[in-house]
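K.L.:
Sequence below, structure please.
(2 chains)
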Protein chains: 2
Amino acid sequence: MEIKKVLLSEDEMPRQWYNILADIKMNPPLGPDGNPVNPDQLAPVFPMNLIEQEVSSQRWIDIPDEVLSVYRIWRPSPLVRAYALEKALDTPARIYYKNEGVSPPGSHKPNTAVPQAYYNKVFGIKRLTTETGAGQWGSALAFACSQFGLTCKVFMVRVSFDQKPYRKSMMTAWGAECVASPSTATKAGRDILEKNPDTPGSLGIAISEAVEAAVSDTSGQTRYSLGSVLNHVMLHQTIIGLEAKKQLEKIGEYPNIIIGCAGGGSNFAGIAYPFVYDKIHGKDVAIYPVEPAACPTLTRAPFAYDHGDTAGYTPLLPMHSLGHTFVPAPIHAGGLRYHGMAPTVSQLVDEGMLEPKAVEQLAAFEAGVLFARTEGIIPAPETNHALACLVDEAKKAKEEGKEKVILCNWSGHGLIDLGSYDKYFSGELKDFALSDAEKEKYTSIMANYPKPQHLKSR
Amino acid sequence: MEIKKVLLSEDEMPRQWYNILADIKMNPPLGPDGNPVNPDQLAPVFPMNLIEQEVSSQRWIDIPDEVLSVYRIWRPSPLVRAYALEKALDTPARIYYKNEGVSPPGSHKPNTAVPQAYYNKVFGIKRLTTETGAGQWGSALAFACSQFGLTCKVFMVRVSFDQKPYRKSMMTAWGAECVASPSTATKAGRDILEKNPDTPGSLGIAISEAVEAAVSDTSGQTRYSLGSVLNHVMLHQTIIGLEAKKQLEKIGEYPNIIIGCAGGGSNFAGIAYPFVYDKIHGKDVAIYPVEPAACPTLTRAPFAYDHGDTAGYTPLLPMHSLGHTFVPAPIHAGGLRYHGMAPTVSQLVDEGMLEPKAVEQLAAFEAGVLFARTEGIIPAPETNHALACLVDEAKKAKEEGKEKVILCNWSGHGLIDLGSYDKYFSGELKDFALSDAEKEKYTSIMANYPKPQHLKSR
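P.N.:
Below is the predicted model of the structure:
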């Protein structure tokens, strides 16, 4: 019988993360004065050891033993051959998915939550605040904080807070506090509620609240933690791709196509960057970040300087952005409802190293149900976006009669998102492609900001 | 760094199940006439290939390749050293748990759902009916049926149907139909609703409905599938203990204590029986089935002949039973709300090979929260009963200053049961110990049935 799951032992877990900043050129983040941000300016928000990691250009960064010790709970994650899906699609493609759903909160998010909690603890911090969309990130940070004895407060985007009540329960089980955002606990939240009391919320708003809650703690013992976008988050996630590469090597494979869904960009970067390194050095591999058509940053938004949050508390980041006041339609893939995109992912798209795709909500769920009924495990709505692209590529391989090797990041399971499947089956879900008029309206906010340069890494 | 997860490769997965009927003496099931049941009498309910397995006394039974091929989706499951829990309890015990929560529906149940769906398919059956308590079994059978192209209808105990709506969603995602029990779809259900319209339901009632729905299909293409109690179910579950044994051997360990929660008995039997074999052959090992104090079959009910279901459709089985009309209190561990107990488990308790324990609901949740905040993964309410016993034994080892090796079956995760954790934290949960008067009332129903003999296997 063929082997389905390619496993690594704990001994084979990578001991270093890969830092793409060693291999690409980046526009710097800019402060309120228009000048590049100085690390000290970030000190009220993040601990200095993480800020150093954020700006480091060292290619390989050691994973601390204390982090590896927690990673062992679920890592290395399996690389799985999707025999049943291949059969259902009658494709000559060989499909592999990296199952990040095996972590305690059910997604890739603890790959960075754990080191972030660890570095904060080492720096003497007692309490972390954060935002969460679908709840994957908030529950991951709750889990990580429980492992290191930190307290944790999570601002959860209202639409997901209502859709996915078990996410809050999960955070509570790990000892964290979770409130719906916008909340009345922050000025940023109160301002938005005053203008629009019925807002579904957005990641941008929730980030503003969490940053404010951290920097306004005068004890100095609270910091903010971000689950995506930033360089150090992408760094931590590369353990996904580093493991996948080892696993593929074990069975003598190398991917022709790599696919990951992209909201802020972290699970995508996690699987992709170790292969982007190869591509920068001449390897031929197609790499597809997949976003929702309702929030099309990479496929339709400009590469521009914009704030990471809605209130404008963060520095200006060079990224594909729909404008920091953009509130995406309430699609169920809450983790993909972000107006911007990781600067490194944005940079790589700008220079043509990555080929972004956009997927509609219904096509995503269709692919997710096919996956559940063949491979047997139920994917998160975010993951379904990657799967829709995967199905397209597997069909294309069939049309072309080519034995392509496709690697897909299965970023999380859908067990806490089952209500969205109910709505899919009952016909309540719909597609939400962004109109050109809306796009112009929101992106115009960036017209007077500085413009990033178009840089080339190879 | 020490290895936390002891893994087996797919190649190392056991190729045979262990059949305890080869090694113990059993009272036979009795038909309505008081005589031992003839296999042909079961033919309207189960396919003949499973009936043959039910009565087989062959010690080792081959696992078909088609079953192994589906098992590969999640098996072999990890055996995990609970370093963090040991540290929190400051115990000299070495604690290992077998993580059966890694399966697609999140519990040990697909270990038997998959072969049951397979054998039915081979026998030409097109449709299966079943009951489910907490929903673990129903979703496992839905998953298994989707793998083999069978249709599936699940009668879910009302109290759990209301408490755990995502279980129904999960079954739907895999293409099954799920209705609350008692339902109006069967005579058994209608009779009970007439007498008691507000009943929370019970496994016994749901079994009656599912059996009726199967045998009343005149096409002959429907059969019933049971998720626990029967000999062939225990057989299929032994893959848990067989794997655990291999894993412990790899690291040079043998357990002093084995713990599993017990409702119908299947996850307990799964981990325990390969070690019961050793005990029958002279090995010194303590084996604890753990049940809820609200439904104390092994610790307080008589060893008697009783029906497996409430309506009395099934043969009389020799088991520890609270009486087939007993409706347990609505504790959140829905999978443990069963009036009877597997005949093989009951037999082994009767002859003193197993030492049953009963645990209150609040103690179970307390242990579950401790586990979530140390080992990082959130257990099912059923599993929490095993964990409460585990914590007690680890404390006892500390008091005695003994380096005991404890093996616990972590039968499933609690991600679909998070609502019960909310209720635990908000103080809404309570204990429900059965009163002696209630016990007498319900067990008196068996007074006029034949009595099983007290047999000895060694």
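K.L.:
And the helices in the stretch 151-300 of chain A?
P.N.:
A:158-163, A:165-173, A:187-195, A:203-215, A:231-237, A:239-250, A:266-280, A:297-300 (DSSP state H, counting those that start in this stretch).
K.L.:
so which of these comes closest to chain B?
P.N.:
helix A:165-173 (3.6 Å; C-beta to the nearest C-beta). To be clear about C-beta, it is placed using only N, CA and C from the backbone, and glycine gets the same treatment.
K.L.:
Now do the closest one: distance to the chain's middle.
P.N.:
The chain centroid and the centroid of helix A:165-173 are separated by 20 Å under C-alpha atoms, centre = their mean, to the nearest Å.
K.L.:
Adding mean neighbour count, distance to chain B and mean pLDDT, write the helices of the stretch 151-300 of chain A out as TSV.
P.N.:
Listed next are the helices of the stretch 151-300 of chain A as TSV, based on neighbours: other C-beta atoms under 10 Å in any protein chain shown; distance: least, C-beta to the nearest C-beta, whole Å; pLDDT from 0 to 100:
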stretch	mean neighbour count	distance to chain B	mean pLDDT
helix A:158-163	23	12	88
helix A:165-173	25	4	95
helix A:187-195	17	24	96
helix A:203-215	27	21	93
helix A:231-237	27	17	98
helix A:239-250	22	12	98
helix A:266-280	26	19	98
helix A:297-300	23	29	98
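K.L.:
Select, out of the ones you listed, the one closest to B:E253.
P.N.:
Using C-beta to C-beta as the measure, helix A:239-250 is the one of these that comes nearest B:E253, at 27.7 Å.
K.L.:
Could you list the residues in contact with the closest one?
P.N.:
Identification of contacts with helix A:239-250 by C-beta atoms under 8 Å, 6 or more residues apart in numbering or on different chains yields A:6-8, A:12-14, A:17-18, A:63, A:71, A:75-77, A:79, A:96, A:98, A:100, A:108, A:111, A:254-255, A:267, A:270-275, A:405, A:407, A:409.
K.L.:
okay, now the residue of the stretch 351-458 of chain A at minimum distance from chain B: neighbour count?
P.N.:
Nearest residue of the stretch 351-458 of chain A to chain B: A:L418, at 3.6 Å (C-beta to the nearest C-beta). Residues near A:L418, counting by other C-beta atoms under 10 Å in any protein chain shown, number 23.
K.L.:
Buried subset of the contacts of helix A:239-250, written for ChimeraX?
P.N.:
Those of the contacts of helix A:239-250 that count as buried under 16 or more other C-beta atoms under 10 Å in any protein chain shown are selected in ChimeraX with:
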select /A:6,7,8,13,14,17,18,63,71,75,76,77,79,96,98,100,108,111,255,267,270,271,272,273,274,275,405,407,409
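K.L.:
hang on, the earlier thing: which residue, other than its chain neighbours, is closest to the residue of the stretch 351-458 of chain A closest to chain B?
P.N.:
With sequence-adjacent residues excluded and distances taken as C-beta to C-beta, 6 or more residues apart in numbering or on different chains, A:L418 is closest to B:S169, at 3.6 Å.
K.L.:
Wait, that neighbour touches A:D417, no?
P.N.:
No. Using C-beta atoms under 8 Å as the test, B:S169 is too far from A:D417 to be in contact (9.3 Å).
K.L.:
So which other helices or strands are in contact with the helix or strand of chain A at the bottom of the mean pLDDT ranking?
P.N.:
Within chain A, no helix or strand scores below helix A:158-163, which has a mean of 88 by mean pLDDT, DSSP states H and E. When contacts are defined as 3 or more C-beta pairs under 8 Å, 6 or more residues apart in numbering or on different chains; DSSP states H and E, helix A:158-163 packs onto helix A:165-173, strand A:177-181.
K.L.:
how about the last one: buried residues?
P.N.:
Which is strand A:177-181. For strand A:177-181, a neighbour-count test (16+ other C-beta under 10 Å) marks A:178-181 as buried.
K.L.:
cool, stretch A:311-326 as well?
P.N.:
Quick answer for stretch A:311-326 (16+ other C-beta under 10 Å): A:311-326.
K.L.:
got the CA coordinates for that stretch in PDB?
P.N.:
Taking C-alpha atoms only, stretch A:311-326 is exported to PDB below (Å, rounded to 0.1, in the frame of the first residue of the first chain):
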ATOM      1  CA  ALA A 311      -7.200  54.200  12.900                       C
ATOM      2  CA  GLY A 312      -3.800  54.900  11.400                       C
ATOM      3  CA  TYR A 313      -1.800  54.000  14.500                       C
ATOM      4  CA  THR A 314       0.700  51.800  12.600                       C
ATOM      5  CA  PRO A 315       3.600  53.000  10.400                       C
ATOM      6  CA  LEU A 316       3.000  53.300   6.700                       C
ATOM      7  CA  LEU A 317       3.800  49.900   5.200                       C
ATOM      8  CA  PRO A 318       4.700  49.300   1.500                       C
ATOM      9  CA  MET A 319       1.900  46.900   0.500                       C
ATOM     10  CA  HIS A 320      -0.900  46.000  -1.800                       C
ATOM     11  CA  SER A 321      -3.700  47.700  -0.100                       C
ATOM     12  CA  LEU A 322      -7.400  48.500  -0.600                       C
ATOM     13  CA  GLY A 323      -7.100  51.500   1.800                       C
ATOM     14  CA  HIS A 324      -7.100  51.300   5.500                       C
ATOM     15  CA  THR A 325     -10.700  52.200   5.900                       C
ATOM     16  CA  PHE A 326     -11.900  49.400   3.600                       C
END
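K.L.:
Figure out how far it is from the centre of its chain.
P.N.:
16 Å.
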